[in-house]
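**Student:** can't give you the sequence, but here's the structure:
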């Protein structure tokens, strides 16, 4: 990712930090998953980077794009779990859980590939992420979302039982060019 000032714009970004403090979150048994959920048992930087790009491109996930292989390896330590949702053998979404000090689990990344958005998977996958976060050993589950994320992201989180504990607005330097796995990929977003 180029740090050339001509390739970035300054934009106001609103961020919500949200949390769940007990496991009595709302679960909806009527949510039909329609996918298989698998834990990545052996960390693989290439896989996580692929998921980061394909899921995050429409929402301007750019912070980790310049990371080296070593930085990805270091990130994917014992405190990170990656879960992937598959439909018909193809990944449709994923989430990363980060077990932090004081038994706090962050849903560090969560999302669907563009082709899976709007098909009802988001609610079910978030419900799975919450259950897996509690199972990971946390006494608190939290995440942050921002105004660059999907327009329904915050509503989905709040509907699952998260509460806002902090809000902030910052001026961020955002890449001007669309983020894509490679030039010309997924022109639909």
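**Tutor:** Thanks, I have it. Since this is a predicted model, take the numbers as computed values, not measurements. Numbers count the residues shown, from 1 in each chain.
**Student:** spell out the residue ranges of the strands in the protein.
**Tutor:** Shown for the chain, the strands assigned by DSSP state E span residues 8-20, 36-39, 80-87, 90-100, 104-112, 140-146, 163-175.
**Student:** CSV please, covering these and showing mean pLDDT, distance to residue 153 and mean neighbour count.
**Tutor:** Where you see a C-beta, it was placed from the backbone N, CA and C, and this is true even at glycine. Converted to CSV, the strands of the chain look like this (pLDDT from 0 to 100; distance: least, C-beta to C-beta, whole Å; neighbours: other C-beta atoms under 10 Å):
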stretch, mean pLDDT, distance to residue 153, mean neighbour count
strand 8-20, 92, 9, 15
strand 36-39, 96, 20, 13
strand 80-87, 97, 16, 19
strand 90-100, 96, 13, 21
strand 104-112, 97, 8, 21
strand 140-146, 96, 5, 21
strand 163-175, 91, 13, 12
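**Student:** now those strands as a markdown table including distance to residue 126?
**Tutor:** A markdown table is the format used below for these (distance: least, C-beta to C-beta, whole Å):
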| stretch | distance to residue 126 |
| --- | --- |
| strand 8-20 | 11 |
| strand 36-39 | 12 |
| strand 80-87 | 11 |
| strand 90-100 | 8 |
| strand 104-112 | 7 |
| strand 140-146 | 10 |
| strand 163-175 | 15 |
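**Student:** out of the ones you listed, flag the one nearest residue 128.
**Tutor:** Nearest to residue 128, of all the strands of the chain, is strand 36-39, at 5.5 Å by C-beta to C-beta.
**Student:** what about residue 132, how many neighbours?
**Tutor:** Neighbours of residue 132 under the rule other C-beta atoms under 10 Å: 18.
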